[in-house]
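Colleague: Please work out how this folds:
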Amino acid sequence: MDIGSYMKKKTVLFVLSSHNKKGDKGGDTGYHLGEVAHPWKVLHDAGVDMDLVSPKGGEPPVDGFDLKDPINLEFWENPIYKEKRTQTKKPNEVDPQNYDAIFFAGGHGTMWDFPNNEELQRLAREIYERGGIVAAVCHGPAIFSNLKLSDGTPLVAGKRVNGFSNEEEMEIKHQEIVPYSLEDKLKSLGAVYKKSPPWTSHVEVDNRLITGQNPQSATNVGHAILKSLESIE
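Modeller: Reported below is the predicted structural model:
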């Protein structure tokens, strides 16, 4: 084999919510299955390795549980990822040096357990600052609420981002359930928030920061991660 054509196998860390309740007013929640399965499918088919982590470790709660979706079913039944899914690592058990990218899946649970998790912030910061990729979809950008670079600036400051919009939150009548508006929070951090009409795919790529608006954006987030992985050493 021509050594010049060799590319190191890439590895992505998927982050899933451990939170199972929508505050005091909503019902059950967790990570959104399609927002994990659809990016997973893109990356898996390209030969990318993935590990799964959640704030509490173990088997996290799942939302959007739809096994009529063939991609969701494929992920759910894959024996390797079934083990990884039911035995997720805790953030402090993960070495960020082992990953080329970190991806924060959505689901309303993220709004409660991502923003103040310093271990998740550390993983994202270290991966990003050594040239890796940080990606998130739907409510996954909740991680950016308190995520700062080593110089103290918010990671999203001055960067194009998106995430679940106010209009989408209102359409499902969750604006009084979530602890804050994700769209407003991202704007307050100095991010250049972009969005499309509700429930249409929208992905923003600003250098090594990749964000998707909603579940409909999950597959395209996977493609954006893959394209970015191909461009890094």
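Colleague: the helices in this structure, which residues?
Modeller: Ranges of helices within the chain are 33-45, 70-77, 79-86, 110-113, 118-129, 166-171, 182-188, 218-231, based on DSSP state H.
Colleague: In contact with Q121, which residues?
Modeller: Applying Cβ atoms under 8 Å, 6 or more residues apart in numbering to Q121 gives the contacts 143, 146-148. Heads up, the C-betas are built off the backbone N, CA and C, glycines and all.
Colleague: what do you get for D206?
Modeller: Going by Cβ under 8 Å, 6+ apart, D206 touches 159-161.
Colleague: Save the residues you listed as CSV, and put in distance to E183 and pLDDT too.
Modeller: Formatted as CSV, those follow (distance: Cβ to Cβ, whole Å; pLDDT from 0 to 100):
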residue, distance to E183, pLDDT
K159, 15, 98
R160, 14, 98
V161, 10, 98
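Colleague: Return the subset of these lying in strands.
Modeller: Mapping the contacts of D206 onto strands (DSSP state E) picks out 160-161.
Colleague: what pairs with the residue positioned nearest the centre of the chain across the strands?
Modeller: Nearest residue to the geometric centre of the chain (Cα atoms, centre = their mean): F104, 1.8 Å. Partner residues in beta bridges with F104, using DSSP bridges, are V15, A136.
Colleague: circling back to that earlier point, tell me the one of the contacts of D206 nearest S188?
Modeller: The closest of the contacts of D206 to S188 turns out to be V161 (Cβ to Cβ; 12.2 Å).
Colleague: If we ignore the residues flanking it in sequence, what's nearest P39?
Modeller: G222 (3.3 Å; Cβ to Cβ, 6 or more residues apart in numbering).
Colleague: Just give me the neighbour total for that neighbour.
Modeller: Using other Cβ atoms under 10 Å, G222 is surrounded by 29 other residues.
Colleague: thinking again about what came up before, pull out the buried residues from the contacts of Q121.
Modeller: Buried positions within the contacts of Q121, assessed by neighbour count (16 or more other Cβ atoms under 10 Å), are 143, 146-147.
Colleague: any chance of those residues in TSV, with pLDDT and distance to E230 too?
Modeller: Output for the buried ones among the contacts of Q121, formatted as TSV (pLDDT from 0 to 100; distance: Cβ to Cβ, whole Å):
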residue	pLDDT	distance to E230
I143	98	24
N146	97	31
L147	98	25
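Colleague: Thanks again, I'm all set now.
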